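*Asks:* All I have is the shape, not the residue letters:
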């Protein structure tokens with residue numbers, strides 16, 4: 001379970017285009033967190049923008065066990081120091097806190113980002129990073145030479161835009177976290193719904209689903225296992241709605257080597273080239 005990171009967006013929000021369950025009830029969150037820690041999950045992803053998700057993590061994580069937190073702040077660069085103090089207070093018992101700047105305004109912030117990181121008093125326990133959507137955002141960080149230790153990006157069988165930067169990032173000691181492995185559950189919707197709304201994205205998804213049907217494979221399992229086979233990736237954020245889903249994911253990870261050749265053979269088979277159609281805020 002080294003790379004597995006439990007996402008918490010659905011703990012505090014009605015999150016995900018395919019999520020028909022809505023925001024999870026508090027007892028459901030408690031059950032999931034208890035189950036996850038009993039099965040070796042030690043890394044949790046959250047954000048101050050996820051409703052009361054942080055509050056629920058603070059309430060139900062067993063602090064007697066080792067755990068790590070990735071959280072995000074969505075305010076301006078001026079709010080970093082405040083977010084550092086807030087995170088240290090909320091998750092004082094965690095081993096490490098990755099604090100990520102998460103905003104569609106990364107490109108607008110530009111030079112303020114560099115000043116933000118340089119001027120703040122950052123405790124050793126805190127790792128500063130960025131949660132990005134686009135290649136342009138990453139290239140802006142490189143161009144401005146903004147220092148960061150963690151990067152969270154979208155990555156899946158359909159979306160491998162950032163792969164060409166992995167070697168450079170690892171050479172700089174950057175921890176790579178990935179999200180959107182399931183495209184918010186879109187591949188699990190029916191073909192009529194996907195075709196109606198998603199154009200080029202729909203073509204690749206439907207092609208993938210047909211491939212899995214023809215081969216007798218579980219599409220959810222292939223999508224889950226794909227990022228775990230990339231040695232450059234340190235953390236894979238997975239959101240779940242109940243303990244049954246989590247149990248299935250944990251068991252699937254035991255089969256990662258079984259499907260290794262299959263997954264590598266389709267690595268580029270369903271790629272989507274257009275960045276525009278991959279961005280959730282365009283859906």
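*Replies:* In hand now; what should we look at? Remember, it's a predicted structure, so these values are computed and weren't measured experimentally.
*Asks:* Residue 3 versus residue 126, what's the distance?
*Replies:* Separation of residue 126 from residue 3 (Cβ to Cβ, to the nearest Å): 21 Å. Using the backbone N, CA and C atoms, a C-beta is placed for each residue, glycine as well.
*Asks:* Sorry, slip of the keys, the one I care about is residue 243.
*Replies:* Distance of residue 243 to residue 3, computed by Cβ to Cβ: 20 Å.
*Asks:* what's the answer for residue 131, then?
*Replies:* 17 Å.
*Asks:* pLDDT score for the nearest residue to residue 50 once chain neighbours are set aside?
*Replies:* Here the nearest residue to residue 50 in space, its sequence neighbours aside, is residue 12; by Cβ to Cβ, 6 or more residues apart in numbering that works out to 4.2 Å. Here, the pLDDT recorded for residue 12 equals 91.
*Asks:* same check, this time on residue 142
*Replies:* For residue 142, the model assigns a pLDDT of 91.
*Asks:* Strands of the stretch 101-250 of the chain, residue ranges please.
*Replies:* In the stretch 101-250 of the chain, the segments counted as strands under DSSP state E, counting those that start in this stretch are 126-131, 150-154, 175-179, 235-238.
*Asks:* Could you list the buried residues of the second one?
*Replies:* Same thing as strand 150-154. Within strand 150-154, the residues that qualify as buried are 150-154, counting by 16 or more other Cβ atoms under 10 Å.
*Asks:* check contacts around residue 167.
*Replies:* Contacts of residue 167 were listed using Cβ atoms under 8 Å, 6 or more residues apart in numbering, and they are residue 232.
*Asks:* Can you name the helix or strand that residue 273 falls in?
*Replies:* Assigned by DSSP states H and E, residue 273 falls within no helix or strand.
*Asks:* Could you check how far it is from residue 280?
*Replies:* As for residue 273, its distance to residue 280 is 17 Å (criterion: Cβ to Cβ).
*Asks:* So for residue 131 and residue 3, which sits in the more crowded spot?
*Replies:* residue 131 (25 against 18; other Cβ atoms under 10 Å).
*Asks:* now the closest residue to that one other than its chain neighbours: how far from residue 83?
*Replies:* Sequence neighbours aside, residue 102 is the residue nearest to residue 131 in space, at 3.9 Å (criterion: Cβ to Cβ, 6+ apart). Distance of residue 102 to residue 83, given as Cβ to Cβ: 11 Å.
*Asks:* Then residue 96?
*Replies:* Distance of residue 96 to residue 83, computed by Cβ to Cβ: 16 Å.
*Asks:* Same drill for the two, tell me which one is more crowded.
*Replies:* The neighbour comparison of residue 96 against residue 83 (other Cβ under 10 Å) goes to residue 83, with 21 against 17.
*Asks:* wait, isn't residue 95 in contact with residue 63?
*Replies:* No: between residue 95 and residue 63 there is no contact under Cβ atoms under 8 Å: 10.9 Å.
*Asks:* Residue 127: what's it in contact with?
*Replies:* Shown in contact with residue 127 (Cβ under 8 Å, 6+ apart): 96-99, 149-150, 175.
*Asks:* Select from those the one having the most neighbours.
*Replies:* Neighbour-wise, the contacts of residue 127 (other Cβ under 10 Å) top out at residue 98, 26 neighbours.
*Asks:* How about that one: which residues does it bridge to?
*Replies:* According to DSSP bridges, the residues that bridge with residue 98 are residue 70, residue 127.
*Asks:* burial count for residue 208?
*Replies:* So residue 208, with other Cβ under 10 Å, has 19 neighbours.
*Asks:* which residues in the stretch 151-283 of the chain form helices?
*Replies:* Ranges of helices in the stretch 151-283 of the chain, per DSSP state H, counting those that start in this stretch, are 166-171, 191-215, 219-228, 243-253, 260-265, 275-278.
*Asks:* ok so, going back, look up how far residue 100 lies from the residue nearest to residue 50.
*Replies:* In this structure, residue 12 and residue 100 are 17 Å apart, going by Cβ to Cβ.
*Asks:* Point to the residue nearest the middle of this protein.
*Replies:* Central residue of the chain (Cα atoms, centre = their mean): residue 179, 2.5 Å from the mean position.
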